[in-house]
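Participant: Pasting the sequence and the predicted model now:
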Amino acid sequence: MTTSTALLLADLTGVAVFAASGASAAVAKRLDLFGVVFVGFVAALGGGIFRDLVIDEVPPLAFADWRYAATAAVTAVGVFWLHPQLAKLRTTVLVLDAAGLGLFTVTGTLKALDAQVPAVGACVIGMVTAIGGGLGRDLLTAEIPVVLRREIYAVAALVGAVLVVLLHWLGHADTIGLTVAAVLVFLIRLVSLRRRWSAPIATLRPPRTGAPG
């Protein structure tokens, strides 16, 4: 198997994982088949579409290569019909979601760097590539996006994106280095779930009542 084929399979696996995540959320909201497929498509490909539009690669890969859209649609339909069985695999889906987060962070950041985007912009694009689909999924299903809540999700992607930029700057953005970056994102996400880590939130004080005395 060539490197390009391996990367394509890994990319399509990530698409399938995020499509399953989006479709599962849509099923939980009792959307119809079209709604489930649409949310699955957005969850799987939304971040990549944003990335391609920002770096002026048109049409976006999600539309230029039929395999991406087909993978997202078939996965979403599968979740629609098999959701009672898949509901028992929540832990597996979370693990796969973490793996997809790492993969999309690395590929998004690297693609931005290849398009001559400066380091800071590449980090942002890499992070949004990874979290954009989940953000769209949550907005479409009327949920506060996971990336804006206490879970360590976007932070994990940002750490991975920064590492990819550093590796690229040092000339070590090879297969081993990029794999390390993806694994780091994966581990941060899983450990944060396991340990229940969270970002700090503001503490709201109750309003004072009564006249000062």
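Facilitator: The structure has been received and is ready for your questions. Residues are numbered from 1 along each chain as shown.

Participant: So the nearest residue to I152 once chain neighbours are set aside versus A142, what's the distance?
Facilitator: Closest residue to I152 apart from its sequence neighbours, by Cβ to Cβ, 6 or more residues apart in numbering: S192 at 3.6 Å. Backbone N, C-alpha and C define where each C-beta goes, glycine included. Separation of S192 from A142 (Cβ to Cβ, to the nearest Å): 25 Å.

Participant: again with T91
Facilitator: Taken as Cβ to Cβ, the span from T91 to A142 is 25 Å.

Participant: Run through the neighbouring helices and strands of the lowest-mean-pLDDT helix or strand in the chain.
Facilitator: None of the helices or strands of the chain scores lower by mean pLDDT, DSSP states H and E than helix 3-28, at a mean of 80. Secondary-structure packing of helix 3-28 (3 or more Cβ pairs under 8 Å, 6 or more residues apart in numbering; DSSP states H and E): helix 33-54, helix 66-86, helix 90-114, helix 119-140.

Participant: Which among these is found nearest to T179?
Facilitator: helix 90-114 (8.3 Å; Cβ to Cβ).

Participant: buried sites along the closest one?
Facilitator: 93, 95-113 (16 or more other Cβ atoms under 10 Å).

Participant: helices and strands around it, which ones?
Facilitator: With 3+ Cβ pairs under 8 Å, 6+ apart as the test, helix 90-114 has helix 3-28, helix 33-54, helix 119-140, helix 154-170, helix 175-195 packed against it.

Participant: For the fourth one, buried residues please.
Facilitator: In other words, helix 154-170. 154-165, 167-168.

Participant: Does W197 touch L190 like I think?
Facilitator: No - W197 is beyond contact range of L190, at 10.7 Å (criterion: Cβ atoms under 8 Å).

Participant: More neighbours: which of these two?
Facilitator: Neighbours per residue, other Cβ atoms under 10 Å: of W197 and L190, the larger number sits with L190, 18 against 15.

Participant: Isn't that one up against A98?
Facilitator: Yes - applying Cβ under 8 Å as the test, L190 and A98 come out as touching, 5.2 Å apart.

Participant: and the angle for the least confident helix or strand of the chain with helix 119-140?
Facilitator: Helix 3-28 and helix 119-140 are oriented at 30 degrees to each other (axes from the mean of the first three to the mean of the last three Cα atoms, to 10 degrees).
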